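1. Based on what follows, work out the 3D shape:
(2 chains)
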Amino acid sequence: QKEVEQNSGPLSVPEGAIASLNCTYSDRVSQSFFWYRQYSGKSPELIMSIYSNGDKEDGRFTAQLNKASQYVSLLIRDSQPSDSATYLCAVKVTNTGKLIFGQGTTLQVKP
Amino acid sequence: DAGVIQSPRHEVTEMGQEVTLRCKPISGHNSLFWYRQTMMRGLELLIYFNNNVPIDDSGMPEDRFSAKMPNASFSTLKIQPSEPRDSAVYFCASSLGRAHEQFFGPGTRLTVL
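-> So this is what the prediction gives:
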């Protein structure tokens, strides 16, 4: 089992819809979780971090964390074509600075 | 403020040559990370430094790879000798302490012929 798993997609949604991206992880004691967005040919860009169970909202983005079920998700409301990118889930290894990344989910928002 | 700076942005070299990639972290950040990204393996951590000291190099693929951080504002990743399978995008990232969020540089796209 991979340490951080994501559906590679592509996930295709129409403009204005809600995009839901999911990630599961294997380390039960992980405490820190991150979502990065990566446009083709560019570097990963941090968009959300979450450390506690529940929801965290930032503009059109909502991160959700459920430690008991070992999953973290990212919701993008009112999806725009400019949101089309690969979304990487990252989990920090406890007591280290290491991030383990999932393979990423490619999101396509169609006008 | 300037973000993480990497150079060169693109490097094309021939098998057997030495390659040196450079990174300047965000000013004030004391943790620095080197990653490699390929289609097959995704984004992998190679090594990270905290306060200029290498903390974990378990991701360095083999002895051909070495990394240094002589001061708080500069790090290098060296591959000697380079091989075609080293072709990838190499990212440097920095954070304010190892527990904090990491910010990535633009990357160096390495092609080894």
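2. Only the C-alpha atoms, please, for the one helix or strand A:K56 maps to, written as PDB.
-> For A:K56, the element it lies in under DSSP states H and E is strand A:54-58. Provided in PDB are the C-alpha atoms of strand A:54-58 (Å, rounded to 0.1, in the frame of the first residue of the first chain):
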ATOM      1  CA  GLY A  54     -13.100  18.800  10.500                       C
ATOM      2  CA  ASP A  55     -13.300  21.500   7.800                       C
ATOM      3  CA  LYS A  56     -11.000  24.400   7.000                       C
ATOM      4  CA  GLU A  57     -12.300  27.000   4.500                       C
ATOM      5  CA  ASP A  58     -10.300  29.500   2.500                       C
END
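3. Around chain A, which positions in chain B sit nearby?
-> Neighbours of chain A within chain B, by Cβ under 8 Å from any Cβ of the partner chain: B:31, B:33, B:42-45, B:48, B:50, B:55-56, B:91, B:95, B:98-99, B:101-107. (Glycine included, C-beta is placed from N, CA and C.)
4. Which parts of the chain are strands?
-> Picking chain A for this. A:4-6, A:11-14, A:19-25, A:33-38, A:45-50, A:54-58, A:61-66, A:71-76, A:85-92, A:99-101, A:105-110 (DSSP state E).
5. that's the wrong chain, I wanted chain B
-> Going by DSSP E, chain B shows strands at B:5-7, B:10-13, B:19-24, B:31-38, B:42-50, B:53-56, B:65-71, B:74-79, B:88-95, B:103-104, B:108-112.
6. so which of the ones you listed comes closest to A:G102?
-> Closest of the strands of chain B to A:G102 is strand B:42-50, at 7.5 Å (criterion: Cβ to Cβ).
7. related to what we said a few turns ago, between the strand holding A:K56 and strand A:45-50, what angle do the directions make?
-> 140 degrees (axes from the mean of the first three to the mean of the last three Cα atoms, to 10 degrees).
8. Can you list the strands that strand A:54-58 pairs with?
-> strand A:61-66 (antiparallel) (DSSP bridges).
9. For the residue in chain B that chain A sits nearest to, give its distance to A:T96.
-> As assessed by Cβ to the nearest Cβ, chain A sits closest to B:R98 within chain B, at 2.9 Å. In this view, B:R98 and A:T96 are 7 Å apart by Cβ to Cβ, to the nearest Å.
10. Quickly list what's touching both of these two.
-> B:I55 (Cβ atoms under 8 Å, 6 or more residues apart in numbering or on different chains).
11. Can you name the residues bridging to the residue nearest to the spatial centre of chain B?
-> By Cα atoms, centre = their mean, chain B has its centre lying nearest to B:W34, at 3.3 Å. Beta bridges link B:W34 to B:I47, B:C92, judged by DSSP bridges.
12. residues in contact with it?
-> Contacts of B:W34 by Cβ under 8 Å, 6+ apart are B:23, B:45-48, B:67, B:75, B:77, B:90-92.
13. Give me the more crowded residue out of B:R98 and A:T96.
-> Neighbour totals were compared for B:R98 and A:T96, and B:R98 leads with 21 against 14 (other Cβ atoms under 10 Å in any protein chain shown).
14. The residue in chain A that chain B sits nearest to: neighbouring residues, count only.
-> Nearest residue of chain A to chain B: A:G97, at 2.9 Å (Cβ to the nearest Cβ). Number of residues near A:G97 (other Cβ under 10 Å) recorded here: 22.
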